[in-house]
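Visitor: model the structure of this input:
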Amino acid sequence: MQQQREKDFEALGNIKTAVLIDGSFFLNRYRSIFPNGKNHKPEEVAKNLYTLAHSHVAGQYLYRIFYYDCLPLDKKVYNPISKKLTDYSKTDMYKFRIEFIENLKRQRKVALRLGCLKDKPGFNWFVNKDKLKELIERSIKIEDLKENDMCRDLRQKGVDIKIGLDIASLAYKRLVNKIILISGDSDFVPAAKVARREGIDFVLDPLWNHIDSSLFEHIDGLKSIWPKPKHK
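Guide: I've put the predicted structure just below:
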C-alpha cells in the first residue's frame, strides 16, 4: 500500500496539496457561484464542494480536504418582534446544515473541523441589512418589522484557530507542498506567513469575492476555479 502511494505521488509531479475550506464563507458565497444554488439540496451542495476542491488539485496528489464550520444553533429562543418561541432545531436551515455535514462525512479524504456557535451576552438580535437600510431611509417604521427581519447575533468559536493550527501543522511537518485556502477572511494571514516561510505554495480562492489588495503580499497566488458569477 505504501509503495503504491509513493508511486502515485511520483506520478503526480511530487506535489502534495491540501484544500482548506471555510464552511461559513463557502455556504454564503454558494448562492452567487452556482445558478439556482439557493434551491440546491444538501447532498448537491456537498457534491459541488467536493468537486470544487478536486478541481484545485487536478494533476496533483490530494493530501486531504479540511472543512471548517460550526454545528447549527439548536436552542429555543423568543423572537423580539413576534414574542414567539422559536425552536431552531426545527428550522429548515438547521436540517439543511446537519444533512450537509452528514454528506461531507461520507466523502473520501474529507476531514471535518467543527467549532461551536455562541450567543453574545445581552440582547442577541439585530435587524437584517435590507430592513435596516429601509429603517434608515425611513421608508418603513419599527412597527413594520416582521419576525423574519430579525437575526440572531452569533459568533463562531474555535474555527479560526483550527484553520491556523492546521496550516502550521501541515507546514512544520512537511506534509504538503501546497495549500489551497477557500476563504474571504483576512484572519488567515499569520498562518499563511508561517506556511510561506516553510516553503509552502499558498493559494487563496475567494470564490470571486473581492479581497483587499493588501492580502496579495501574504499569498503566492489568487485563483477561483468556478466560472465568475454574472451580476445583473
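
Visitor: buried set for stretch 225-232?
Guide: By neighbour count with 16 or more other C-beta atoms under 10 Å, stretch 225-232 contains the buried residues residue 225. C-betas here are computed from N, CA, C, even on glycine.

Visitor: same thing with stretch 50-57?
Guide: Those would be 50, 52-53, 56-57, for stretch 50-57 by 16+ other C-beta under 10 Å.

Visitor: I'd like the average pLDDT over it.
Guide: For stretch 50-57, mean pLDDT is 95.

Visitor: please state the offset of it from the chain centre?
Guide: Distance of stretch 50-57 from its chain centroid, counting by C-alpha atoms, centre = their mean, to the nearest Å, is 14 Å.

Visitor: from here on, count from 413
Guide: From this message on, residue numbering opens at 413, which makes the last subject stretch 462-469.

Visitor: doesn't residue 431 lie inside a helix?
Guide: No: read with DSSP: H, G, I helix; E, B strand; the rest coil, residue 431 is strand and lies in no helix.

Visitor: in helices, which of the buried residues of stretch 462-469 fall?
Guide: Taking DSSP state H, the ones among the buried residues of stretch 462-469 that sit in helices are 462, 464-465, 468.

Visitor: how long is stretch 589-597 end to end?
Guide: Start-to-end span of stretch 589-597 (C-alpha to C-alpha, to the nearest Å) is 22 Å.

Visitor: avg pLDDT for that stretch?
Guide: Computed over stretch 589-597, the average pLDDT equals 93.

Visitor: neighbouring contacts of that stretch?
Guide: Stretch 589-597 is contacted from outside by 426-434, 437-438, 441, 464-465, 468-469, 472, 572, 575, 579, 582-583, 600, 604, 607, 611-619, 621, 623, using C-beta atoms under 8 Å, 6 or more residues apart in numbering.

Visitor: who's in contact with residue 624?
Guide: Contacts of residue 624 (C-beta under 8 Å, 6+ apart): residue 598.

Visitor: what of residue 478?
Guide: Counted by C-beta under 8 Å, 6+ apart, residue 478 has contacts 430-433, 523, 525, 575, 578.

Visitor: residue 527 and residue 568 touch, don't they?
Guide: Yes: counting by C-beta atoms under 8 Å, residue 527 touches residue 568, with 5.5 Å between them.

Visitor: so which of these two has more stuff around it?
Guide: Legend: neighbour count by other C-beta atoms under 10 Å for residue 527 and residue 568, higher for residue 527 (20 against 16).
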